[in-house]
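*Asks:* Starting from these lines, generate the structure:
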Amino acid sequence: MSFLPVTKDELQNSGVYVPDFVVVSGDAYVDHPSFGHAIIGRMLEAEGFSVGMIAQPVSDAEFKEFGAPKIAFMIASGVCDSMVNNYTVAKKRRKEDDYADGGGAGRRPDRALTVYCQRLKKLFPKTPIIIGGVEASLRRFAHYDYWADAVMPSVLQDTGADLLVYGMGEKPLLEIMRLIKRRVPLTKIKDVRGTAYLSSGEDAPQEVKDALESGFSETFTVLNSFERVKADKKLYAQAFAAISKQSGSFGKGLIQKQGNGLYAVINPPAKLLTADELDYVYGLPYMRDFHPQYKNVPAIEEVKFSIASHRGCFGNCAFCALNAHQGREVVARSHKSVIAEAVLLTKMPGFKGYIHDVGGPSANFRRPSCKEQAARGVCQNKDCIGFKPCKNLEADHSDYLALLRSLRALPDVKKVFIRSGVRFDYLLMDKNKQFFKELVAHHISGQLKVAPEHISDNVLKVMNKPPHEVYLRFIKEFNAIDAAERQRTDRKPQFIVPYFISSHPGCTLNDAVALAEYLKSIRYNPQQVQDFYPTPSTLATTMYYTGLDPFSLKPVFTEKDEEGKAMQRALLQFNNPKNRRLVEKALRLAGRTDLIGYGGKCLIRGKK
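*Replies:* The predicted model follows:
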């Protein structure tokens with residue numbers, strides 16, 4: 001077993017002179033299943049295709065390393081959208097890049113997907129290009145771009161790609177490879193679920209033509225055009241709602257005319273991988289490390305001794321892009337597959353007996369939200385969980401608990417941690433408290449990180465997070481279980497570390513003050529504060545841009561003023577002397593001078 005070829009010489013040593021595919025990645029080459037480029041490369045290899053890997057190219061020489069592949073270039077900008085990766089929420093360029101050699105920034109261009117495609121189109125104009133990954137998924141429609149502060153067309157338009165694979169792309173990729181084996185030209189592949197392409201309309205399949213004539217068909221719905229949603233925020237919000245409702249694996253295809261007069265044809269979403277197919281993906285022969293050409297790629301440290309046990313998240317938090325990329329439907333790997341990976345980890349250099357994480361987008365969502373999901377997918381018009389959970393939601397940790405017990409029993413495993421985030425509301429819904437007890441007893445390293453995000457129910461409702469009362473109940477139960485465990489084992493107490501977001505849509509200055517009062521009451525000083533980051537194609541970003549709830553079209557307050565956002569952020573760290581001026585101004589603007597003074601509830605000292 002070895003890394004995929006990164007040079008022409010390495011390729012030729014394997015007896016291949018021209019690769020079938022060249023995979024281009026905005027991340028450094030890390031051969032681990034947490035990195036999309038590794039999964040794609042290994043799947044191509046497993047299906048009998050030859051592959052060359054180009055990671056973080058800058059010069060023409062790097063792009064030309066393998067020449068033109070026989071079939072196509074496959075391009076992704078990396079694990080993150082390149083603009084998120086390159087800039088802070090304050091739009092300041094980051095100095096670090098955990099997905100680059102040495103952790104230094106500078107190898108990944110802004111809008112990397114577009115830059116890579118345009119460069120390859122210039123160098124190899126006749127070679128088809130397939131794009132995928134987060135940047136492709138979340139920018140496949142007309143979308144608001146925070147950094148340009150403008151609505152931009154589908155990334156298909158700017159990249160000129162022949163095909164876009166959206167979501168977790170294994171299922172579409174398998175179908176594309178099978179069609180290629182049957183000698184179907186890549187440019188003729190138009191009907192694979194989970195893919196998208198640009199069309200004049202005349203060259204489209206008949207079902208697309210039918211939809212263009214009438215506005216909808218059995219398979220497709222036509223959205224308002226890029227020009228219209230760019231000109232009208234209400235139409236933008238309505239388009240987002242239509243896209244969101246069709247995002248599950250039972251969703252319809254969508255068509256949107258772009259600025260160049262062509263149509264972005266978004267085929268219906270891919271069907272879910274089966275458990276066997278997911279096992280296959282994670283069982284491919286990864287090297288599980290960064291390529292030896294690098295000194296160090298920091299991102300490997302978080303995942304090297306961790307295991308992804310499932311995909312998907314039905315949490316549907318407003319600020320999260322997971323539901324737009326991984327989807328709301330959960331599919332889990334088999335116990336056999338996860339345990340086999342754990343055994344593999346125990347034999348790796350550097351393993352010290354600790355599995356750092358076993359989970360997914362939300363660690364304890366390892367099963368579908370309800371029985372209906374397999375037959376009908378997730379509901380279009382209501383959420384599984386959030387501020388008000390569905391009555392059909394089934395909270396059950398028995399399978400996850402059984403898996404964790406099996407992992408804990410492995411001979412060379414000392415401890416199995418859960419770090420990928422536990423949904424505390426789902427945890428409380430499970431009437432059987434055994435998982436909660438064993439979570440506290442076995443799977444926490446002194447601290448459990450959870451994400452209440454806020455304490456104001458008005459804000460939490462906009463976020464689609466559970467009411468504050470649910471979080472308070474969780475803390476109470478956690479502390480009771482931890483106290484009982486300490487009495488039983490005589491160990492040190494464990495703590496909850498909560499995460500909060502400032503300036504999220506729906507959050508007023510008064511809400512931010514209320515959160516600061518809560519932090520004061522529990523004597524908690526957050527070391528880090530996350531200001532809301534409007535990333536492409538999330539519900540919260542749509543509210544940020546339009547000022548509307550896209551489903552009800554009711555107004556939603558959004559703080560866009562830079563000083564207003566700075567005051568909300570400062571309130572979360574009111575103890576920091578550097579924040580005093582902003583905190584005092586915020587309290588005076590909010591009419592809360594009662595929090596200025598020398599009393600026990602005051603946030604800052606001074607005259608009212």
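*Asks:* For the stretch 101-250 of the chain, just list every one of the helices.
*Replies:* Using DSSP state H, counting those that start in this stretch, the helices of the stretch 101-250 of the chain run over 112-123, 134-138, 155-159, 170-181, 206-214, 226-231, 233-245.
*Asks:* Name the stretch among the ones you listed that sits most buried.
*Replies:* Of these, the one with the most neighbours on average (mean count of other Cβ atoms under 10 Å) is helix 134-138, at a mean of 26. Backbone N, C-alpha and C define where each C-beta goes, glycine included.
*Asks:* Now do that helix: everything it contacts.
*Replies:* For helix 134-138, the external contacting residues (Cβ atoms under 8 Å, 6 or more residues apart in numbering) are 76-82, 112-113, 155, 164-167, 321, 324-325, 535-537.
*Asks:* Out of these, which sit inside strands?
*Replies:* The members of the contacts of helix 134-138 that map onto strands under DSSP state E are Ala76, Leu164, Val165.
*Asks:* from what I can see His356 touches Ser420, true?
*Replies:* No: His356 is beyond contact range of Ser420, at 9.5 Å (criterion: Cβ atoms under 8 Å).
*Asks:* what is in contact with those two at once?
*Replies:* Residues within reach of His356 and of Ser420 at once, by Cβ under 8 Å, 6+ apart, are Ser306.
*Asks:* Just give me the neighbour total for Ala375.
*Replies:* 7 (other Cβ atoms under 10 Å).
*Asks:* what do you get for Tyr524?
*Replies:* 14.
*Asks:* And for Lys414?
*Replies:* Lys414 has 10 neighbours, counted by other Cβ under 10 Å.
*Asks:* Likewise for the one 4 residues further on?
*Replies:* With neighbours defined by other Cβ under 10 Å, the count for Ile418 comes to 22.
*Asks:* Please report the distance of it from Pro526.
*Replies:* 21 Å (Cβ to Cβ, to the nearest Å).
*Asks:* Do a quick rundown of the strands in the stretch 501-608 of the chain.
*Replies:* Counting by DSSP state E, counting those that start in this stretch, the stretch 501-608 of the chain has strands at residues 530-531.
*Asks:* Quick check: closest non-adjacent residue to Ser82.
*Replies:* Leaving out its chain neighbours, the residue that sits closest to Ser82 by Cβ to Cβ, 6 or more residues apart in numbering is Ala112, at 3.9 Å.
*Asks:* Asn458 is in what secondary structure piece?
*Replies:* If you go by DSSP states H and E, Asn458 is part of helix 457-463.
*Asks:* what residues does that helix touch?
*Replies:* By Cβ under 8 Å, 6+ apart, the residues outside helix 457-463 that reach it are 317-319, 387, 453-454, 466-468, 501, 504-507, 511, 540, 543, 549, 556.
*Asks:* before we move on, what about stretch 433-447?
*Replies:* Residues outside stretch 433-447 that contact it (Cβ under 8 Å, 6+ apart): 364, 397-398, 400-401, 404-405, 408, 415-418, 422, 427, 430, 448, 477-478, 481-482, 485, 489, 492, 494-497.
*Asks:* With stretch 384-397 instead?
*Replies:* Residues outside stretch 384-397 that contact it (Cβ under 8 Å, 6+ apart): 314-317, 328, 364, 366-367, 369-372, 378-379, 382-383, 423, 425-427, 429-432, 434-435, 457, 460-461, 463-467.
*Asks:* Dump the helices of the stretch 101-250 of the chain to a markdown table, plus mean pLDDT and distance to Tyr146.
*Replies:* Shown next, in a markdown table, are those (pLDDT from 0 to 100; distance: least, Cβ to Cβ, whole Å):
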| stretch | mean pLDDT | distance to Tyr146 |
| --- | --- | --- |
| helix 112-123 | 97 | 16 |
| helix 134-138 | 96 | 12 |
| helix 155-159 | 96 | 15 |
| helix 170-181 | 96 | 28 |
| helix 206-214 | 87 | 31 |
| helix 226-231 | 98 | 15 |
| helix 233-245 | 96 | 14 |
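*Asks:* Output those helices in JSON lines; the columns should cover distance to Asn267.
*Replies:* What follows is the helices of the stretch 101-250 of the chain, written out as JSON lines (distance: least, Cβ to Cβ, whole Å):
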{"stretch": "helix 112-123", "distance to Asn267": "19"}
{"stretch": "helix 134-138", "distance to Asn267": "13"}
{"stretch": "helix 155-159", "distance to Asn267": "12"}
{"stretch": "helix 170-181", "distance to Asn267": "9"}
{"stretch": "helix 206-214", "distance to Asn267": "9"}
{"stretch": "helix 226-231", "distance to Asn267": "19"}
{"stretch": "helix 233-245", "distance to Asn267": "13"}
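*Asks:* now do the same end-to-end measure for stretch 30-49.
*Replies:* Taking Cα to Cα, to the nearest Å as the measure, stretch 30-49 stretches 20 Å from start to finish.
*Asks:* Which positions in stretch 460-470 come out as buried?
*Replies:* For stretch 460-470, the neighbour count (16 or more other Cβ atoms under 10 Å) marks Leu460, Lys461, Val462, Met463, Asn464, Lys465, Pro466, Pro467, His468, Val470 as buried.
*Asks:* biggest separation within the residues you listed, which pair?
*Replies:* Spatially, the most separated pair among the buried residues of stretch 460-470 is Val462 and Val470, at 16.0 Å (Cβ to Cβ).
*Asks:* now the helices: where do they sit in the stretch 401-550 of the chain?
*Replies:* Going by DSSP H, counting those that start in this stretch, the stretch 401-550 of the chain shows helices at 424-429, 434-442, 457-463, 468-489, 509-521, 539-546.
*Asks:* and these, which is most packed in?
*Replies:* helix 539-546 (a mean of 25).
*Asks:* Need the mean per-residue confidence for it.
*Replies:* What helix 539-546 shows for mean pLDDT is 98.
*Asks:* Not counting its own residues, what contacts it?
*Replies:* Residues contacting helix 539-546 (Cβ under 8 Å, 6+ apart): 144, 146, 151, 233-234, 236-237, 240, 244, 318-319, 462-464, 504-506, 532, 534-535, 548-550, 556, 558, 560.
*Asks:* What angle do helix 233-245 and that helix make with each other?
*Replies:* If you take axes from the mean of the first three to the mean of the last three Cα atoms, to 10 degrees, helix 539-546 sits at 170 degrees to helix 233-245.
*Asks:* what's the spacing between helix 539-546 and its chain's center?
*Replies:* Once both centres are worked out by Cα atoms, centre = their mean, to the nearest Å, helix 539-546 turns out to sit 17 Å from its chain's centre.
*Asks:* swap in stretch 445-454?
*Replies:* The chain centroid and the centroid of stretch 445-454 are separated by 19 Å under Cα atoms, centre = their mean.
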